[in-house]
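1. got a structure for you, letters missing:
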């Protein structure tokens, strides 16, 4: 089984949008939440073969914190330009292009695309994935065969769920 760990970037500085949106950094809560989620992934012994991120500062920082927690070499993080303001179809294209040798990938992106993409792949109603949320989705077959409704939700976690605020 192939596994996608789909992550929404951690909480970032305000304001959102505008010409400086790309360079927004994580706020202190975002740093804490990304570290917590990274520790959770490490506790689950998750070691992806690849880590792909949008190149924005907030996704880059989220990816680096997660990589540090799970023991993934930060120099091997791939940055995909089309994930910055990408539609779910661009997230799908990134998955479909993965080589067969890769069994698992951690992908860090932005909402609303991340939530729409998770729901598209799994038929699950996740609502709005909060910042730092992780959806693990399993697939049979090759990455090229991944499409709508071909994935199975393995787990879904968020900082709110870990704190007992989200009952999903």
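-> Right, received. Where do you want to start? All figures in this text were calculated on a predicted structure; none of them were measured in a lab.
2. The longest helix seen in the chain: which residues count as buried?
-> In terms of residue count, the longest helix belonging to the chain (DSSP state H) is helix 28-43. Under the neighbour-count criterion of 16 or more other CB atoms under 10 Å, helix 28-43 has 30, 31, 32, 33, 34, 35, 36, 37, 38, 40, 41 buried. Backbone N, C-alpha and C define where each C-beta goes, glycine included.
3. So which residue is smack in the middle of the protein?
-> When the chain is reduced to its mean C-alpha position, the nearest residue by CA atoms, centre = their mean turns out to be residue 7, at 1.9 Å.
4. Can you classify the closest residue to it other than its chain neighbours by secondary structure?
-> Counting by CB to CB, 6 or more residues apart in numbering, residue 7 lies nearest to residue 108, which is 4.7 Å off, once chain neighbours are set aside. Assigned with DSSP: H, G, I helix; E, B strand; the rest coil, residue 108 falls in the strand class.
5. and residue 108, bridged to which residues?
-> residue 7, residue 53 (DSSP bridges).
6. Which pLDDT value belongs to it?
-> Per-residue confidence at residue 108 stands at 98 (pLDDT).
7. Thanks again, I'm all set now.
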